[in-house]
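Novice: Take a look and give me a structure for this.
(one chain, ligands or ions: 2)
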Amino acid sequence: MSLLKQLPKVDLHLHLDGSIRPGTILELAAEAGTALPATDATGLLPHMQADDECASLVEYLEKFNFVLPYLQSRASLRRAAYEIVENAAEDGCLYIEVRFAPMLHVHRGLSAADAIEGVIEGLREGEARHGIKARAIAICMRHQSAADNLEVVRTAASYLGQGLVAVDLAGDEANHPPARFREVFALARQLGIPFTIHAGEAAGAESIAEAIEGLGAIRIGHGVRLRENPALLELVRARGIPLELCPTSNLQTKAVAGWDDYPIRDYFDRGLRLTINTDNPTVSGTSMTRECEALAQRFRFTPGELASLMRNGIEVAFLPEGEKAELRAEFDRRLAALGIGV
Ligand SMILES: O=c1[nH]cnc2c1ncn2[C@@H]1O[C@H](CO)[C@@H](O)[C@H]1O
Ligand SMILES: [Zn+2]
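Specialist: Ligands and ions are numbered 1, 2, ... in the order given. Alright, predicted model coming up:
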């Protein structure tokens with residue numbers, strides 16, 4: 001097994017509906033009696049995956065419409081969540097935060113609470129069988145109504161600390177700037193639920209500034225376009241606000257022009273608090289091991305540097321200090337066994 005596969009890893013930015021196995025869709029469609037455009041996993045994959053031709057975030061997001069009809073029951077959400085933990089364990093992850101938008105799963109009678117419970121059950125089952133830790137994040141969607149998003153936050157707050165750890169805002173950033181969501185995240189603050197926000201992906205640094213200063217995000221999803229505002233970059237650095245970078249996804253959505261333009265080495269050298277994540281293993285055709293390999297090959301990140309990025313993932317996880325301490329100990333034990341120093 002390769003060293004980077006064995007490296008203990010942390011994936012803090014992983015969407016449930018972007019991580020579904022094609023084989024699972026085949027089975028769920030057969031159960032539902034619906035026809036699919038292909039009869040095997042290989043044939044189905046192009047319908048679930050973005051490629052280099054993808055022109056924008058909006059085009060990337062269209063891929064999710066293919067799987068969502070099959071994720072409208074508690075059992076299917078539970079299965080999806082379970083399989084994500086299984087995949088992550090196989091890929092060498094110690095801890096994952098799995099995010100999903102409850103309101104995308106209520107089209108056949110589920111409530112937001114049912115959807116959250118289905119996901120939490122699957123994560124727990126995965127933890128029990130595979131010995132890694134997994135927590136849920138509930139997403140508010142940018143195209144949905146304030147009423148729906150307020151309901152997501154309210155419902156999520158009642159599962160806080162019971163398998164769910166935070167909320168998020170995702171979707172079409174360019175057409176729905178963060179300032180529209182002040183009321184929603186004011187409620188999150190009032191209810192004491194921490195949050196991350198997708199920003200600086202399909203919009204510029206002003207979106208990151210609003211997510212932090214207007215809404216109160218304590219982590220930023222992507223944030224790759226932070227370099228557009230050097231003063232803000234300095235503020236993010238000084239405050240230690242973590243960026244959840246997702247390199248392969250950022251290339252596909254055209255948040256950056258290409259690998260040569262990817263600012264990770266620059267951000268790392270400037271001392272920004274970075275984490276590396278998959279975003280959507282299936283849609284982006286990636287894994288944590290592959291993201292690490294890409295950084296090693298393209299930017300000469302050493303195993304020690306990659307380990308320091310993974311350690312950042314533990315430090316900024318939405319977990320109580322006691323649970324972080326346990327993860328840290330396990331992480332250090334595994335690093336020592338691999339002979340990697342940070
Ligand atoms: O990188 C991203 N940026 C913004 N939104 C995303 C990204 N990846 C996935 N989603 C959106 O989040 C929903 C719930 O998981 C997905 O259905 C997709 O619309
Ligand atoms: Zn995302």
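
Novice: mind listing the strands for the stretch 51-200 of the chain?
Specialist: 93-100, 133-141, 164-170, 196-199 (DSSP state E, counting those that start in this stretch).

Novice: Generate TSV for these, with mean pLDDT as supplementary columns.
Specialist: What follows is these, written out as TSV (pLDDT from 0 to 100):
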stretch	mean pLDDT
strand 93-100	99
strand 133-141	99
strand 164-170	99
strand 196-199	98
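
Novice: and among those strands, the most buried is which?
Specialist: strand 196-199 (a mean of 29; mean count of other Cβ atoms under 10 Å). Glycine gets a C-beta too; all of them are placed from N, C-alpha and C.

Novice: touching ligand 1 at all, the next helix or strand after that strand?
Specialist: Per DSSP states H and E, strand 196-199 leads on to helix 205-209 as the next helix or strand towards the C-terminus. No. Contact of helix 205-209 with ligand 1 (Cβ under 6 Å from any ligand atom) is absent, the minimum separation being 11.5 Å.

Novice: of the strands of the stretch 51-200 of the chain, which approaches residue 300 most closely?
Specialist: Nearest of those to residue 300, taken as Cβ to Cβ: strand 93-100 at 23.4 Å.

Novice: what would the strands of the stretch 51-200 of the chain look like in a markdown table with distance to ligand 1?
Specialist: What follows is those, written out as a markdown table (distance: least, Cβ to the nearest ligand atom, whole Å):
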| stretch | distance to ligand 1 |
| --- | --- |
| strand 93-100 | 5 |
| strand 133-141 | 5 |
| strand 164-170 | 4 |
| strand 196-199 | 5 |
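
Novice: Make JSON lines out of those and add distance to residue 306.
Specialist: Formatted as JSON lines, the strands of the stretch 51-200 of the chain follow (distance: least, Cβ to Cβ, whole Å):
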{"stretch": "strand 93-100", "distance to residue 306": "13"}
{"stretch": "strand 133-141", "distance to residue 306": "20"}
{"stretch": "strand 164-170", "distance to residue 306": "24"}
{"stretch": "strand 196-199", "distance to residue 306": "22"}
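
Novice: Of those strands, give the one that comes closest to residue 246.
Specialist: For residue 246, the closest of those is strand 196-199, at 9.9 Å, according to Cβ to Cβ.

Novice: Quickly run through the sheet partners of the closest one, with directions.
Specialist: Strand pairing for strand 196-199, using DSSP bridges, gives strand 219-222 (parallel).

Novice: Which positions within the strand it pairs with qualify as buried?
Specialist: 219-222 (16 or more other Cβ atoms under 10 Å).

Novice: Show me how far it is from its chain's centre.
Specialist: 9 Å (Cα atoms, centre = their mean, to the nearest Å).

Novice: do the same with stretch 317-326
Specialist: 18 Å.

Novice: For the stretch 1-150 of the chain, what lies in contact range of ligand 1?
Specialist: Residues of the stretch 1-150 of the chain lying near ligand 1 (Cβ under 6 Å from any ligand atom): 15, 17-18, 57, 61, 64, 99-101, 104, 139.

Novice: Mind picking the two most distant members of those?
Specialist: Among these, 57 and 100 lie farthest apart (Cβ to Cβ), at 17.9 Å.

Novice: before we move on, the earlier item: tell me which of the residues of the stretch 1-150 of the chain next to ligand 1 is nearest to residue 320?
Specialist: residue 99 (19.0 Å).

Novice: Quick check: beta-bridge partners of the closest residue to that closest one other than its chain neighbours?
Specialist: Leaving aside its chain neighbours, residue 99 sits nearest to residue 137 (3.9 Å; criterion: Cβ to Cβ, 6 or more residues apart in numbering). Legend: beta-bridge partners of residue 137 under DSSP bridges are residue 99, residue 166.

Novice: now residue 137: how far from residue 209?
Specialist: 22 Å (Cβ to Cβ, to the nearest Å).

Novice: do residue 304 as well
Specialist: Residue 304 is 33 Å from residue 209, where distance means Cβ to Cβ.

Novice: between the two, which one's more packed in?
Specialist: When residue 304 and residue 209 are compared on other Cβ atoms under 10 Å, the one with more neighbours turns out to be residue 209, at 19 against 11.

Novice: Would you mind listing the residues in contact with that one?
Specialist: Shown in contact with residue 209 (Cβ atoms under 8 Å, 6 or more residues apart in numbering): 229, 232.

Novice: for the one 3 residues further on, same thing?
Specialist: With Cβ under 8 Å, 6+ apart as the criterion, the residues that contact residue 212 are 220, 235-236, 241.

Novice: what about 10 Å?
Specialist: 178, 197, 199, 218-220, 223, 232, 235-236, 239, 241 (Cβ atoms under 10 Å, 6 or more residues apart in numbering).

Novice: Before we move on, what's the pLDDT of it?
Specialist: Listed pLDDT for residue 212 reads 98.
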